[in-house]
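Enquirer: got a structure for you, letters missing:
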DNA sequence: GCCTCGTCTGAAAACGGTTTCAGAAATTGT
DNA sequence: ACAATTTCTGAAACCGTTTTCAGACGAGGC
């Protein structure tokens, strides 16, 4: 009934527990054969609790994300998991629901149960990374920075550049009235994507009506409402850059409800690709990034950091993004013929 | 540097470790005030390793799924997580990549680290549930059964009824040449959805050409290939029931590539709803089910089972599904006028 | 003021491993 | 065959908690 202990194995094999322990850890031992048989027969597995009590290591890492149902974070989890699958670490997963207080709770709880943590903080000014640093838990931040606290290993993507190239794609199609549905501004992706958007317009000296920046909060409903507001404007935009995947769904739903046509009436660029993007009508132009790679890289950095005893100085990696051109962008209705012709050639 | 132990707290508060332990577990203690202060000041947190060594409980549950990037399983994880968030259990997550051998590995590894397990087995005849039963780990199966072994608590959905109502919806639109892209037949959902499909056709005495059942393996690529084969048939179907979400994406991509139009040339019903389903053109008719609820319910059953010391006999819960009618189904091209008119009224 | 009773306390023994230490056995060299 | 090594072994300490077991202390009854 009760799981067998190392003592049972020792007894079965007629040796001391020390010998069994040594054999299991790889030492040469005379009774190796008998011990292996006893282990197999009793189906013995060492107790992780006892092992980690002695060693101080838990053999586990935590992975804390704002929302596992977001395909991006699901991909990150998968990428991270594919790395640990080899190296014998198991993964604790926790959702924070984009809430700082919930994040503080789960971090506090996980703190003692893991050897390291992969964290996508809910906001930039939240205290979790600092807490982890204080507790001496190796930590790698994913997708979001913690500028208030010290340096952390971080795996980001080029949010600024991605947003900028999205907007530039729209500009090159002849658009000038380009709006954005922005994410939460106190998160790294939200902030930089908004800045990239602004920078692109700035570079082309295009004035930006304040109502062209709509807060969508990275939520589908926010994207829906924002798009509704944009389309209700007396002088609506001819193109919209939507700053993440879930808001894009909401925005497209609003567009569908209103009856606006893409790309004839409105051009749209989203952020983050999805298998569905390709089969929408029209297929959606998006900024794509290596999602699983981002999770895998973060996990590799975490494992390395856990080995190197936190001596090495912290690294900040920025992954490249790329524009996937599909058919959701075209020239604006009132565009000069040049741009219209140019777009038609694509 | 090193985390403080209960001994440090005892020293700081000027009492014995026993007293500290008692206070933390809720006993009335004279030095309660001083101890609390010492705990707060040292930021003491009991070591889970030591606690579980003593108690035999780990305070963790495992959640083993075939593919976390499948939105269904992501939703299940979220639902399960929302339950444990209250009750103080943390979640180990593992992916099996739909592989029996990988599943055996992770189950074997997790076995000793958790008090209970939520498992969506990769196939129906795999040995993991039996192994868990042998080891005395409370287990609840999600979405997939283990008929070979004994009874387990299981949370299923009405796959048979869902498939059947999907096909009946197509029949009521006047279709008679209805194909299916089936999942892996040795999994519960794959098996029952196929049977439900067959049952519906049988009930209407419709003969079924063998090539109308295409194996898609629950993968996007399989859905793509299957749809290509169906459309290349000399006498192709006028409607297709696709047995899961990922295959549906592939199938729709094939349809788009070929240039077939929905629902004019082909009607389609998918299994599992998705935010994107509504904004496809045309919006996709699907069988929907309570995904997060399925995860939450499974977790509730697991926690209950963990309390009741596995005495109670096992329960098998089947959740209802429902058809969401959208615009991807219409009468077949060659349908009799009656059906065509009837469909138009909808 | 003394005895009894109940409450609170600290020492010590687990829990199941790993690791140090010293001694036993096996090996080598002569 | 004996000493000097080397390899292997078991006893015991330890990791940080919880829990049992007595004993100390204070309160209440006579």
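Expert: It's in. This is a predicted model, so every value here is computed, not measured. Numbering: from 1, shown residues only, chains lettered A, B, ... in the order given.
Enquirer: Next to chain B, which bits of the stretch 151-300 of chain A? Give me the list.
Expert: Within reach of chain B by Cβ under 8 Å from any Cβ of the partner chain, the stretch 151-300 of chain A has these residues: A:220, A:246, A:249, A:252-253, A:256, A:274-276, A:278-281. Quick note: C-beta positions are derived from backbone N, CA and C, even for glycine.
Enquirer: of those, buried ones?
Expert: A:220, A:246, A:249, A:252-253, A:256, A:274-276, A:278-280 (16 or more other Cβ atoms under 10 Å in any protein chain shown).
Enquirer: can you redo those residues as a markdown table with pLDDT?
Expert: Converted to a markdown table, those look like this (pLDDT from 0 to 100):
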| residue | pLDDT |
| --- | --- |
| A:220 | 96 |
| A:246 | 96 |
| A:249 | 98 |
| A:252 | 98 |
| A:253 | 97 |
| A:256 | 96 |
| A:274 | 97 |
| A:275 | 97 |
| A:276 | 97 |
| A:278 | 96 |
| A:279 | 96 |
| A:280 | 96 |
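Enquirer: Identify the residues contacting residue A:90.
Expert: A:59-61, A:84, B:92, B:94, B:109-110, B:113 (Cβ atoms under 8 Å, 6 or more residues apart in numbering or on different chains).
Enquirer: and of these, the nearest to residue A:37?
Expert: Checking the contacts of residue A:90 against residue A:37 by Cβ to Cβ gives residue B:109 as the nearest, at 22.1 Å.
Enquirer: what does the host helix or strand of that closest one contact?
Expert: According to DSSP states H and E, residue B:109 maps onto helix B:100-110. Residues outside helix B:100-110 that contact it (Cβ under 8 Å, 6+ apart): A:45, A:85, A:90, B:62, B:64, B:92, B:94-96, B:117, B:119, B:121-123, B:126-128, B:131-132.
Enquirer: now stretch A:191-198
Expert: Contacts for stretch A:191-198 (Cβ under 8 Å, 6+ apart): A:124, A:159-164, A:166-167, A:178, A:180, A:182-183, A:185, A:208, A:213, A:241, A:243-244, A:271.
Enquirer: Mark which of those residues are part of strands, please.
Expert: A:178, A:180, A:182, A:213, A:241, A:271 (DSSP state E).
Enquirer: residues touching the last one, list them.
Expert: In this case it means residue A:271. Applying Cβ under 8 Å, 6+ apart to residue A:271 gives the contacts A:162-163, A:166, A:193, A:241-245, A:248, A:286-287.
Enquirer: Identify those among those residues that sit within helices.
Expert: A:162-163, A:166, A:193, A:245, A:248 (DSSP state H).
Enquirer: The residue of the stretch 151-300 of chain A found nearest DNA strand D - how many residues pack around it?
Expert: DNA strand D sits closest to residue A:152 of the stretch 151-300 of chain A, with a gap of 26.0 Å, by Cβ to the nearest atom of the strand. For residue A:152, the count of nearby residues is 22 (other Cβ atoms under 10 Å in any protein chain shown).
Enquirer: low pLDDT regions in the stretch 201-346 of chain A?
Expert: Along the stretch 201-346 of chain A, the model assigns pLDDT under 70 to residues A:309-311, A:334-346.
Enquirer: Which stretches in it count as helices?
Expert: Counting by DSSP state H, counting those that start in this stretch, the stretch 201-346 of chain A has helices at residues A:220-232, A:245-258, A:291-307, A:337-345.
Enquirer: quick one, which of the ones you listed is nearest to DNA strand C?
Expert: helix A:291-307 (15.9 Å).
Enquirer: List the buried residues of the closest one.
Expert: Residues of helix A:291-307 classed as buried: A:291-292, A:294-303, A:305-306 (neighbour count, 16+ other Cβ under 10 Å).
Enquirer: Who are the packing partners of it?
Expert: strand A:60-65, helix A:71-87, strand A:116-119, strand A:139-142, strand A:153-157, strand A:316-319 (3 or more Cβ pairs under 8 Å, 6 or more residues apart in numbering or on different chains; DSSP states H and E).
Enquirer: what about residue A:122, how many neighbours?
Expert: By other Cβ under 10 Å, 24 other residues sit near residue A:122.
Enquirer: Now the residue nearest the centre of chain A. Nearest residue, chain neighbours left out?
Expert: When chain A is reduced to its mean C-alpha position, the closest residue under Cα atoms, centre = their mean turns out to be residue A:73, at 4.6 Å. In this structure, residue A:73 finds its nearest non-sequential neighbour in residue A:65, 4.3 Å apart by Cβ to Cβ, 6 or more residues apart in numbering or on different chains.
Enquirer: you'd agree residue A:57 is up against residue A:113?
Expert: No: using Cβ atoms under 8 Å, residue A:57 makes no contact with residue A:113, being 11.4 Å away.
Enquirer: Same drill for those two, tell me which one is more crowded.
Expert: residue A:113 (22 against 14).
Enquirer: Quick check: chain neighbours aside, which residue is closest to residue A:300?
Expert: residue A:83 (5.8 Å).
Enquirer: mind checking how far that neighbour is from chain B?
Expert: To chain B, residue A:83 is 12 Å away according to Cβ to the nearest Cβ, to the nearest Å.
Enquirer: next one: residue A:240
Expert: 15 Å.
Enquirer: check contacts around the nearest residue to that residue once chain neighbours are set aside.
Expert: In this structure, residue A:240 finds its nearest non-sequential neighbour in residue A:179, 4.9 Å apart by Cβ to Cβ, 6+ apart. Residue A:179 makes contacts with A:212-214, A:230, A:237, A:239-241, as judged by Cβ under 8 Å, 6+ apart.
Enquirer: show me what contacts the residue of the stretch 101-250 of chain A found nearest DNA strand D?
Expert: When distances are taken as Cβ to the nearest atom of the strand, the stretch 101-250 of chain A reaches nearest to DNA strand D at residue A:112, 8.1 Å away. For residue A:112, the contacting residues are B:3, B:45-48, by Cβ under 8 Å, 6+ apart.
Enquirer: got it, and residue A:32?
Expert: So residue A:32 contacts residue A:23 (Cβ under 8 Å, 6+ apart).
Enquirer: Let me see the confidence value for it.
Expert: Residue A:32 carries a pLDDT value of 93.
Enquirer: how close does it sit to residue A:122?
Expert: 51 Å (Cβ to Cβ, to the nearest Å).
Enquirer: For the nearest residue to residue A:275 once chain neighbours are set aside, list the residues it contacts.
Expert: Once flanking residues are discounted, residue A:275 sits nearest to residue B:249: 4.7 Å by Cβ to Cβ, 6+ apart. Neighbouring residues of residue B:249 by Cβ under 8 Å, 6+ apart: A:275-276, A:279, B:220, B:223.
Enquirer: Generate JSON lines for the helices of the stretch 201-346 of chain A, with distance to DNA strand C as supplementary columns.
Expert: JSON lines is the format used below for these (distance: least, Cβ to the nearest atom of the strand, whole Å):
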{"stretch": "helix A:220-232", "distance to DNA strand C": "48"}
{"stretch": "helix A:245-258", "distance to DNA strand C": "45"}
{"stretch": "helix A:291-307", "distance to DNA strand C": "16"}
{"stretch": "helix A:337-345", "distance to DNA strand C": "66"}
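Enquirer: In a markdown table: those, plus distance to residue B:202.
Expert: What follows is the helices of the stretch 201-346 of chain A, written out as a markdown table (distance: least, Cβ to Cβ, whole Å):
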| stretch | distance to residue B:202 |
| --- | --- |
| helix A:220-232 | 40 |
| helix A:245-258 | 38 |
| helix A:291-307 | 43 |
| helix A:337-345 | 53 |
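Enquirer: so which helix or strand takes in the closest residue to residue A:314 other than its chain neighbours?
Expert: Excluding the flanking residues, the one nearest residue A:314 by Cβ to Cβ, 6+ apart is residue A:151, at 4.1 Å. Per DSSP H and E: residue A:151 is located in neither a helix nor a strand.
Enquirer: How confident was the prediction at residue A:151?
Expert: 81.
Enquirer: I'd assumed residue A:40 was in a helix, is it?
Expert: Yes: membership of residue A:40 in a helix is supported by DSSP: H, G, I helix; E, B strand; the rest coil.
Enquirer: and chain A, which of its residues are near DNA strand C?
Expert: For chain A, the residues in contact with DNA strand C (Cβ under 7 Å from any atom of the strand) are A:2-7, A:17-18, A:21-22, A:24-25, A:44, A:46-47, A:49-51, A:53-55.
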